[in-house]
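>>> What follows is a predicted structure for the sequence shown.
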Amino acid sequence: MRVHVDEDICQGHTLCAMAAPDVFGLRDEDGHSYVIVTEFTTEVIESAKRAALTCPEQAIVVED
């Protein structure tokens, strides 16, 4: 299992961090998202999937 934010696509809308603050952080310099967890439990994957649905750029990749 893995969650990844495509940095080339992310525009820094911050919706993923609002939807799943336990999974995503925001970089200070540009507001772009990054994954803050290292253990991808079922709960983390489900939160990431919900957050991915909020991303207008579809920059979040969730691999089961």
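Great, that's in hand. On a predicted model such as this, the values are computed, not experimentally measured, just so you know. Numbering: from 1, shown residues only.
>>> which SS state does the residue of the chain positioned farthest from its centre fall under?
Counting by C-alpha atoms, centre = their mean, the extreme residue of the chain relative to its mean C-alpha position is residue 29, 17.0 Å from that point. Look at residue 29: counting by DSSP: H, G, I helix; E, B strand; the rest coil, its state is coil.
>>> And residue 49, by the same measure?
helix.
>>> list the contacts for it?
residue 62 (C-beta atoms under 8 Å, 6 or more residues apart in numbering). Using the backbone N, CA and C atoms, a C-beta is placed for each residue, glycine as well.
>>> re the thing from before, residues contacting the residue farthest from the centre of the chain?
If you count contacts by C-beta under 8 Å, 6+ apart, then residue 29 has nothing around it.
>>> how about it, phi and psi?
phi -70, psi -30 (degrees, to the nearest 10).
>>> and it, what pLDDT?
The model reports residue 29 with a pLDDT of 94.
>>> so how far is residue 12 from it?
To residue 12, residue 29 is 10 Å away according to C-beta to C-beta, to the nearest Å.
>>> go on, residue 54?
In terms of C-beta to C-beta, residue 54 sits 13 Å off from residue 12.
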